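**Student:** Take this sequence and fold it.
(2 chains)
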Amino acid sequence: MKKSAIFGLVVIAIAIAVIISVYSNSSTYGSFSDAQKTTSELHIVGHLNTTKKLYYDATRDANYFSFYMKDNKGEERKVVFTGTKPEDFERSEQLVLTGTMVGQEFHASKILMKCPSKYTQDKLEITEVKATQASI
Amino acid sequence: MDTVFKGEHLLPGQIGQFFIVLSFGAALLSFISYYFATTEDAGKNDSSWQRLGRIGFYINSVSILGMGVCLFYVIYNHYFEYHYAWAYTSRSLPVYYIVSGFWNGQEGGFLLWTFWQAVLGNILIWRAKSWERPVMTVIAFSQIVLATMVLGVEILGTRIGSSPFLLLRKALEAPIFQSPDYLSFIKDGQGMNPSLQNYWMIIHPPTLFLGFASMVVPFAYAVAGLWQKRYKDWVAPAIPYTLFACMILGTGVIMGSFWAYESLNFDGFWAWDPVENASIFPWITMVAALHVLIVYKNTGHSYFTATFLVLISFVLVWYSSFLSRSGILGDTSVHSFTDNGMFWQLVIGVLIFLVLSVVLLVARWKQLPITKKDEDTYSREFWMFVGSVFLGLSCFHLLVVTSVPVWNAMFGTKIAPPSDIIKHYNVIQSSFAFVVTILTGFTQFLKYKKTDVTRFFITTGLYLLFAALITALVVYATGVYKLNAVFILVMWGSVYSVVANAKILADALKGKFKLAGSAVAHIGFGLLLVGALIAAGTTNVISINNTGEGFSPEFAKEQNPRENIIVYRNQPVKMGNFLVTYTGDSISAPNHFFKVDYKEVDANGKVTNEFVLKPKVQVNKGQLASSPDTKHYLFHDMYTHITMSNAISATEGGAESAHDEADDDKNYDTPVSHTVAPGDTIKYRDGYILVKGLNKEAKVQNIPLSDSDVAIGANLEVVSHGNHYNVVPVYMIKNGNVFDFARKVDDAGLKLRFSKVIPENKKVEIMVYQQPESKKKFIVMKAIQFPYINFFWAGTIIMVIGFFMSILRRKKELKVV
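**Tutor:** Numbering: from 1, shown residues only, chains lettered A, B, ... in the order given. Just a heads-up that it's a prediction; the model follows:
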């Protein structure tokens, strides 16, 4: 066999190995109920429940942040994140969490948030001018 | 009936739009003319088609300049009736950021790209000689495609491209646009995202886009070579442009990395973010292409691979543009661009160049100079080829993982990227890097075509051994040995590459100067990897916080890296070898700087080194954006980043409401009264207060005292964490009424009142108000040590110098031939 043919086979073998390793390493998007069933890390897409309290108190623990998220199936869970509260968290429109369920809490190792106002900026702010009222 | 809107400046936009359409038309004219100049006037020296093509291209270049001037005029004069000016700039933006506001949006990015491509086109008209006609056909074609991206014209109900001169009232739907004087309500633009207000924003995008734009030149030569069946000739003139493209794109990408490291909160210099990855796809394949082009030039082997890599590099430029602009990365990237209705147009942009490449290769397949003979195993070319293929594979891996959202969109699957994506990339890319670096070393010792085998094995073996010794030393000293074995292998490969190429460089300086450029570039690449490995692998977070309370039993069980630490103002905290103190703030809107003092203390408690870092937080429209500050040393960097603080509010800069006294007391715990005489001390939570004496001549501003009035001040010295503060609260009897004037020590979180005089036993009463912990000023910060990161930056600079030297050499060769 020619040397270039052997080399070609090696390259194809590596390419296949790459695809397999990516595929076996890849995780899946799921819901909280999927996360309950597995111990491996999962990506969960959902949105912040703004009616419930976000908890972050740096004076007690600077690395503890908890909040409630509803996943795309409507299921809601308490989420705990080891770290500080991300800037503009309340404005997020969508959250992608990476992590695992521990008991009834979802422990996120990564939070990716989509803030519409930060990037598309297409939100009109109108300045309103009002006469100041004299106070007595 | 159309509403007439008041106060709009429509003229600059109309002129700008005219230039856009003109540039499109001129590019079309240039393309058609050059096409016929190539096909109809082949062999003729004087071609009127060619003249027309040139004119078309000149008009195209001038109209691009015109577009730029109009856009700048709009931004500079704050004409917020234009969406672009409104969305990306504001009145308070300094002039130099107005320049960068120019390329803040996607339209500006395309404008920059088409501008650089026009510049390169003009250089080619001037220099390309016999290649001008076919090469310029391709460049003009690329200009047409780019022009459609900013066209903003509706054809058959679909909007083609997105124009930077779009009016605000057409871009957004809002009821206020019903009113003819809507402009009087729009006082200011949205402004630039504060994290972009940085000098890197001024130079990084133009460099990056010059890199992307210059990828078109080798592509155009490759296409021209296939089209004109001049399979051999195109390589020599294309090599300098290939080198240039690699040099500039590499610089641009690393600039972005430096920017991220210096002023964004990525916690490092490379995050494997999809947008970052996308920007290096074309770089990797073009570097591979460069090596195979040289192989082909020297031996006549590997024609197909060389052409394929050049063609695919340009397709990947478009693909990376598609990834970052179409919004498809949605769930996986923190980088920002969202779809502005051009998804399918970007897909077409990628496909058009992909199809062109495939069709040409297939059409010419039978004629391609593919050699049947095998290459010599001990020739430099064979191993250069192998190395390039491995570069290609490394790009293939990046591409497969980064494109996960694309696969999901294409096949309807729901795969998520690997959960520990950084580790995944690091390990797999390092495996490729190991092979490539070893190849960049020993290949240099092989002769072109034929080598003395025994001698080669002996030298290679010696250098590998020598490199292994150095690697062992480095790995041990820096702690890299604690990492995955593959990183140690890369370290070995990189050190070997540096050592072997240093030898080549030494020989080159003695006379064989031709190889100097490649030796320098390879040394740079090796150093870059060494720096990246140590800095990323042994990153040392020193702000480890072990004081956290358990919030839930499950939470406490986990071994979490707790990397953020709370630091109260003027209360030093020990971190690693450092004593870290948050000493104060300085504010110059929109920047709020936090002064963080670092003292390095040795075993005897002596301060050996002290410096102050000023990380900042920017306030913009109620949003906070944090930027780190870094102390640079030759062998390591100390990086500090504020993740949170209560010393800054989103409304900072606005008027502060006046507090009344009763309200103010709410900020403190219940006061404690102490009856004391001069000389006594009062203990409190964070220290003690010394009563030094009473002074009868105390004065209070704006309150004149008559003879019957009394004002006494208590001279107090507050000692808190080694800091001393002197305060004088005042007790006053005026017109028979008793007043007292409290004094605050904000830094110590104290308010002190002189509330009573007890004449019987010559004592006074002092009331101590302490702020609760949560009301005291604090920052939550992260401090990271990056060891040896300077190798990374230095390696980049050396690599760029190497590219530049190679350009000079290849240009010289061109003249000789």
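**Student:** what separates B:Glu717 from chain A, distance-wise?
**Tutor:** 28 Å (Cβ to the nearest Cβ, to the nearest Å). Every residue, glycine included, has its C-beta placed from N, CA and C.
**Student:** Give me the contacts around the host helix or strand of that residue.
**Tutor:** Here B:Glu717 sits within strand B:710-720, counting by DSSP states H and E. The contact list for strand B:710-720, computed with Cβ atoms under 8 Å, 6 or more residues apart in numbering or on different chains, reads B:570, B:686-700, B:705, B:724-734, B:745, B:747-748, B:750, B:752, B:754, B:757, B:764, B:766.
**Student:** Kindly recompute the last result at 7 Å.
**Tutor:** For strand B:710-720, the surrounding residues in contact (Cβ atoms under 7 Å, 6 or more residues apart in numbering or on different chains) are B:570, B:686-696, B:698-700, B:705, B:724-733, B:745, B:748, B:750, B:752, B:754, B:757, B:764, B:766.
**Student:** Just the buried ones among those residues, please.
**Tutor:** B:570, B:686-687, B:689-691, B:694, B:698, B:725, B:727-733, B:745, B:748, B:750, B:752, B:754, B:757, B:764, B:766 (16 or more other Cβ atoms under 10 Å in any protein chain shown).
**Student:** Now, the residues you listed that are in strands?
**Tutor:** Among the buried ones among the contacts of strand B:710-720, the ones falling in strands (DSSP state E) are B:687, B:689-691, B:694, B:725, B:727, B:730-733, B:745, B:750, B:752, B:754, B:757, B:764, B:766.
**Student:** Could you list every helix and strand that whichever strand or helix holds B:Ile64 packs against?
**Tutor:** Under the criterion of DSSP H and E, B:Ile64 resides in helix B:48-76. Judged by 3 or more Cβ pairs under 7 Å, 6 or more residues apart in numbering or on different chains; DSSP states H and E, helix B:48-76 is in contact with helix B:11-39, helix B:83-88, helix B:95-101, helix B:106-127, helix B:132-149.
**Student:** Tell me the buried residues in the fourth one?
**Tutor:** Of the residues in helix B:106-127, those scored as buried under the neighbour-count criterion (16+ other Cβ under 10 Å) are B:106-118, B:120-122, B:124-125.
**Student:** buried stuff in stretch A:65-78?
**Tutor:** For stretch A:65-78, by 16+ other Cβ under 10 Å, it's A:65-71, A:77-78.
**Student:** sec struct for the residue nearest the centre of chain A, please.
**Tutor:** Nearest to the mean C-alpha position of chain A, by Cα atoms, centre = their mean, lies A:Val96 at 2.5 Å. Assigned by DSSP: H, G, I helix; E, B strand; the rest coil, the conformation of A:Val96 is strand.
**Student:** What helix or strand is the closest residue to it other than its chain neighbours located in?
**Tutor:** Spatial nearest neighbour of A:Val96, chain neighbours left out: A:Leu112 (4.3 Å); criterion: Cβ to Cβ, 6 or more residues apart in numbering or on different chains. Assigned by DSSP H and E, A:Leu112 falls within strand A:105-114.
**Student:** in that strand, what's buried?
**Tutor:** Applying 16+ other Cβ under 10 Å to strand A:105-114 flags A:105-109, A:111-114 as buried.
**Student:** CSV for those, including pLDDT and distance to A:Thr28?
**Tutor:** Output for these, formatted as CSV (pLDDT from 0 to 100; distance: Cβ to Cβ, whole Å):
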residue, pLDDT, distance to A:Thr28
A:Glu105, 86, 20
A:Phe106, 88, 15
A:His107, 86, 18
A:Ala108, 85, 16
A:Ser109, 81, 16
A:Ile111, 83, 18
A:Leu112, 79, 16
A:Met113, 76, 20
A:Lys114, 70, 20
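**Student:** Quick check on the closest residue to B:Arg169 other than its chain neighbours: phi, psi?
**Tutor:** In space, and not counting its chain neighbours, B:Arg169 is closest to B:Phe177: 4.1 Å by Cβ to Cβ, 6+ apart. With angles defined as degrees, to the nearest 10, B:Phe177 sits at phi -70, psi 0.
**Student:** how many neighbours does B:Phe177 have?
**Tutor:** Counted by other Cβ atoms under 10 Å in any protein chain shown, the residues lying close to B:Phe177 total 17.
**Student:** Also B:Tyr199?
**Tutor:** 13.
**Student:** Check it and give its pLDDT.
**Tutor:** At B:Tyr199, the model reports a pLDDT of 81.
**Student:** So B:Val135 is in contact with B:Tyr221, correct?
**Tutor:** Yes - in terms of Cβ atoms under 7 Å, B:Val135 counts as a neighbour of B:Tyr221; the distance is 5.9 Å.
**Student:** Off-centre distance for the helix holding B:Ile64?
**Tutor:** With Cα atoms, centre = their mean, to the nearest Å as the basis, helix B:48-76 stands 31 Å off its chain's centre.
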